[in-house]
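# any chance you can model this:
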Amino acid sequence: MKQVLLTVAFCVAATATFAQKKAVKEAESLAKGNKDFAEARTLIKGALDNPETNNDPKTWFVAGFVEDQQFSAERAKQILGQQPNEPVMYESLGSILPYFLKAYELDQQPDGKGKVKPKYTKDIKSILSANHVYYINGGAYYFDQRDYKKAYDFFEQYLQISDLPMFQGEKVAERDSNFMTVQFFSAVAATQLGDSQKAVAALERAKNTEYRQNDVYQYLCYEYEQAKDSVNFEKTLEEGLAKFPEEKYYLLSLINTYIYSNRNEKAIEFLSTAISKEPDNAQLYDVMGRVYETGLKDYVGAEKYFVKASELDPENADILSNLGRVYYNQGVNKQGEANLINDNKLYQEELAKAKDYFKKALPYFEKAHQLKPENTEFMTALRGIYYNLDMGKEFEEMDAKLNK
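Numbers count the residues shown, from 1 in each chain. The predicted structure follows:
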């Protein structure tokens with residue numbers, strides 16, 4: 001009785017295996033004749049899920065073949081000047097590679113005698129090679145649709161195919177202009193995914209090719225800055241500056257980095273370089289003045305650079321107020337020193353020096369206020385100056401403006 005049951009079990013298993021292999025053949029036939037791609041997918045999915053056929057390279061090859069035939073059918077319309085169904089066309093193209101990679105892996109397995117006799121590798125290479133350039137089109141299509149995840153996936157598949165060992169030494173593997181372009185746009189798509197790690201990896205890869213290298217470095221700086229990776233941010237800025245010394249972005253960003261991290265000598269060094277390249281740039285002198293003022297507490301040095309900046313851009317309210325502030329703060333400091341003196345004569349002498357600073361500050365803040373009448377910082381400074389210079393009428397008017 002046991003022997004009879006065992007025989008029946010073997011028969012059932014053999015029948016199931018035969019049914020799945022038949023399904024694979026039928027799926028291949030349906031796809032080859034462009035008859036029914038939906039049914040072909042249903043049949044091949046059953047075979048992929050079945051343990052009797054999911055280790056057969058033919059099953060995986062046919063799964064990819066079905067997608068390739070659907071893609072080719074839509075592409076044929078395009079060649080004939082007809083409008084293809086682009087979502088269907090590119091969805092199919094994007095599905096081929098994973099199936100073929102598994103089919104290739106199984107196709108390289110040795111047989112019972114330890115020999116490797118691939119049956120599908122030649123066809124896999126032929127199809128991937130023929131379709132290779134269309135992955136660029138697919139990535140561009142999804143990029144235009146602002147579906148950056150799919151765009152990234154398509155560009156990555158293009159690059160992955162180029163790197164496959166099966167294509168080593170062949171045209172598909174060449175690092176040509178297409179390859180460099182795809183690396184760039186894959187990296188750009190990655191920056192739109194909200195995944196800093198993925199974006200940085202793609203950009204680090206792309207920075208080693210010549211295509212739009214300056215853009216790649218700036219994207220990479222941005223990603224490191226957003227990730228608050230100050231070490232790599234600064235390192236990439238320095239690399240970018242070495243490669244593109246005429247690009248202002250790297251130099252100015254490094255200057256800001258040095259200022260914010262209180263490396264004032266470094267900031268001055270790089271600002272001096274920037275000024276030597278653009279001696280008529282008022283903003284650079286203004287920034288240098290702020291480094292001397294806030295970083296080094298050197299008011300004399302700050303005054304020199306603010307004066308130069310105001311000469312180059314006399315209608316810039318912010319630059320004028322910076323120069324006025326240097327004088328104003330020295331006046332406040334000198335006034336504080338005077339208040340500590342008990343000798344009245346010496347007190348009056350120091351107080352007069354303080355007023356001289358306030359007098360120097362006055363025209364710069366008045367001009368800044370004229371240019372930006374709603375700026376409360378300028379009005380507050382003017383109120384303080386009017387008070388210290390005993391300009392009662394002007395003080396009351398400015399105080400009323402601020403209160404209003």
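# can you give me the separation between Arg290 and Leu296?
Distance of Arg290 to Leu296, computed by CB to CB, to the nearest Å: 10 Å. Every residue, glycine included, has its C-beta placed from N, CA and C.
# and stretch 134-146, average pLDDT?
Averaging pLDDT along stretch 134-146 gives 97.
# list the buried residues in that stretch.
By neighbour count on 16 or more other CB atoms under 10 Å, the buried set for stretch 134-146 is 134-139, 141-143.
# just the element for Tyr141, please.
Using DSSP states H and E, Tyr141 falls within helix 134-144.
# how far does that helix sit from its chain's centre?
19 Å (CA atoms, centre = their mean, to the nearest Å).
# before we move on, what about stretch 296-304?
Put simply, stretch 296-304 sits 38 Å off its chain's centre (CA atoms, centre = their mean).
# what comes into contact with that stretch?
Stretch 296-304 is contacted by residues 264, 289-290, 292-293, 323, 326-327, 329-330 when judged by CB atoms under 8 Å, 6 or more residues apart in numbering.
# mind redoing it with 6 Å?
264, 289, 292-293, 326, 330 (CB atoms under 6 Å, 6 or more residues apart in numbering).
# for that stretch, C-alpha coordinates in PDB please.
Coordinates of the C-alpha atoms in stretch 296-304 are reproduced here as PDB (Å, rounded to 0.1, in the frame of the first residue of the first chain):
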ATOM      1  CA  LEU A 296      40.000  90.000  15.600                       C
ATOM      2  CA  LYS A 297      38.400  93.000  17.400                       C
ATOM      3  CA  ASP A 298      40.700  95.100  15.300                       C
ATOM      4  CA  TYR A 299      38.700  98.300  14.700                       C
ATOM      5  CA  VAL A 300      41.500 100.000  12.800                       C
ATOM      6  CA  GLY A 301      41.800  97.200  10.300                       C
ATOM      7  CA  ALA A 302      38.000  96.900  10.100                       C
ATOM      8  CA  GLU A 303      37.700 100.700   9.400                       C
ATOM      9  CA  LYS A 304      40.200 100.400   6.500                       C
END
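# buried residues in it?
299, 301-304.
# same deal with stretch 89-107?
89-97, 99-104, 106-107.
# one more: stretch 369-381?
Under the neighbour-count criterion of 16+ other CB under 10 Å, stretch 369-381 has 369, 372, 375, 378-379, 381 buried.
# quick one: average pLDDT of it?
Stretch 369-381 comes out at a mean pLDDT of 95.
# ditto for stretch 274-281
Stretch 274-281 comes out at a mean pLDDT of 93.
# what distance separates the start and the end of it?
Taking CA to CA, to the nearest Å, stretch 274-281 runs 9 Å from one end to the other.
# list the contacts of that stretch.
If you take CB under 6 Å, 6+ apart as the criterion, stretch 274-281 is touched by 251, 284.
# which residue ranges of the stretch 1-150 of the chain form helices?
With DSSP state H, counting those that start in this stretch, the ranges of helices along the stretch 1-150 of the chain come out as 2-32, 37-49, 57-79, 86-107, 121-131, 134-144, 148-163.
# save the ones you listed as CSV, and put in distance to Leu193 too.
Output for the helices of the stretch 1-150 of the chain, formatted as CSV (distance: least, CB to CB, whole Å):
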stretch, distance to Leu193
helix 2-32, 33
helix 37-49, 28
helix 57-79, 24
helix 86-107, 16
helix 121-131, 25
helix 134-144, 12
helix 148-163, 6
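# could you tell me the least trusted of those?
With a mean of 66, helix 2-32 has the lowest mean pLDDT of these.
# returning to what we had before: specify which member of the contacts of stretch 296-304 is nearest to Lys32.
Of all the contacts of stretch 296-304, Asn264 has the smallest distance to Lys32: 73.2 Å, by CB to CB.
# how about the contacts made by the closest one?
Contacts for Asn264 were tallied using CB under 6 Å, 6+ apart; they are 291, 295-296.
# roughly how far apart are it and Asp280?
If you measure Asn264 against Asp280 using CB to CB, the figure is 24 Å.
# and if you look at Ser162?
Per CB to CB, Ser162 is found 48 Å from Asp280.
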